[in-house]
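Undergrad: need a structure here:
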Amino acid sequence: MDTRLADLRKSYERAELDEEASQADPLRQFELWLQQALEAQLPEPNAMTVATVGPDGRPSTRVVLIKGCDARGIVWYTNYDSRKGRELAQNPFAALQFHWVELERVVRIEGRVEKTSAEESDAYFNSRPLDSRLGAWASPQSEVISGRTVLVANAAKAGVRFGLNPPRPPHWGGFRLVPDRWEFWQGRKSRLHDRLRYRLQDGLWVRERLAP
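TA: Okay, here's the model as predicted:
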């Protein structure tokens with residue numbers, strides 16, 4: 001192992017997060033931080049890690065893009081037959097994480113996951129570029145394939161079959177995570193980071209500070 005990794009250091013001094021300055025509703029706090037990430041023109045501020053757990057107890061993660069956020073939850077779209085789709089079908093709980101490195105911030109979200117309605121999935125699918133819609137038909141996500149030529153051939157077949165108006169595949173659609181726990185992490189000097197957790201208790205959000 002390269003011992004220089006152990007020598008990497010960074011002092012976090014950009015901002016702070018305290019109880020008085022934070023929002024009482026975690027969704028409002030998230031929207032504020034997300035807007036600031038967008039305004040800072042960070043590379044892919046909408047990228048988030050999704051963690052699921054399989055029936056064998058093994059966790060897995062992958063990066064997807066948030067496509068919706070409101071009082072109902074956090075939405076992303078994917079192939080339901082993918083590994084994450086299969087795992088969520090058996091264990092409908094997941095964890096999300098946003099890491100905005102330049103702002104020295106992390107947001108962690110946990111909760112139950114449900115599928116979005118067919119109408120929501122159709123509306124988003126139809127808003128995608130044509131190549132992306134054909135790609136949803138072309139890729140048997142998470143399955144072993146012999147090479148990239150399989151994807152190219154599948155996309156060509158979908159193009160011939162559907163032309164300019166491919167419908168949403170039945171195996172493709174949205175997931176919505178309904179949060180019951182949020183955590184906001186702001187890097188601070190001397191590793192004395194700010195961590196505020198919101199947990200749902202009797203229908204109300206309880207805000208509390210965690211030790212870093």
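Undergrad: What values do phi and psi take at Tyr124?
TA: phi -70, psi -40 (degrees, to the nearest 10).
Undergrad: okay, now it: neighbour count?
TA: 18 (other C-beta atoms under 10 Å). (C-beta placed from N, C-alpha, C; glycine too.)
Undergrad: For it, which residues are in contact?
TA: By C-beta atoms under 8 Å, 6 or more residues apart in numbering, the residues touching Tyr124 are Lys67, Gly68, Tyr77, Gly174.
Undergrad: Can you pull up the most central residue in the protein?
TA: Met48 (3.6 Å; C-alpha atoms, centre = their mean).
Undergrad: Trp185 touches Arg209, doesn't it?
TA: No. Using C-beta atoms under 8 Å, Trp185 is not in contact with Arg209, being 11.4 Å away.
Undergrad: These two: which has the busier surroundings?
TA: More crowded of Trp185 and Arg209, by other C-beta under 10 Å: Trp185, with 21 against 12.
Undergrad: Mind checking what helix or strand follows the strand or helix carrying the more buried one in sequence?
TA: Assigned by DSSP states H and E, Trp185 falls within strand 172-186. As assigned by DSSP H and E, the chain's next helix or strand after strand 172-186 is strand 194-201.
Undergrad: For that following strand, which strands pair with it and how are they oriented?
TA: Paired neighbours of strand 194-201 in the sheet (DSSP bridges): strand 172-186 (antiparallel), strand 204-209 (antiparallel).
Undergrad: contact partners of it?
TA: 16-19, 22, 26, 29, 179-186, 188, 205-212.
Undergrad: Would you mark the buried spots in it?
TA: For strand 194-201, a neighbour-count test (16 or more other C-beta atoms under 10 Å) marks Asp194, Arg195, Leu196, Arg197, Tyr198, Arg199 as buried.
Undergrad: Helix or strand next in line after the helix or strand harbouring His99, which one?
TA: His99 is part of strand 93-100 when elements are defined by DSSP H and E. Scanning forward in sequence from strand 93-100 by DSSP H and E, the next helix or strand is strand 105-115.
Undergrad: quick one: strands adjacent to that following strand?
TA: Applying DSSP bridges, strand 105-115 is found paired with strand 93-100 (antiparallel), strand 172-186 (antiparallel).
Undergrad: avg pLDDT for the longest one?
TA: Averaging pLDDT along strand 172-186 yields 98.
Undergrad: Also stretch 152-166?
TA: Averaged across stretch 152-166, pLDDT comes to 96.
Undergrad: How far off centre is that stretch?
TA: Relative to the chain's own centre, stretch 152-166 is displaced by 28 Å; criterion: C-alpha atoms, centre = their mean, to the nearest Å.
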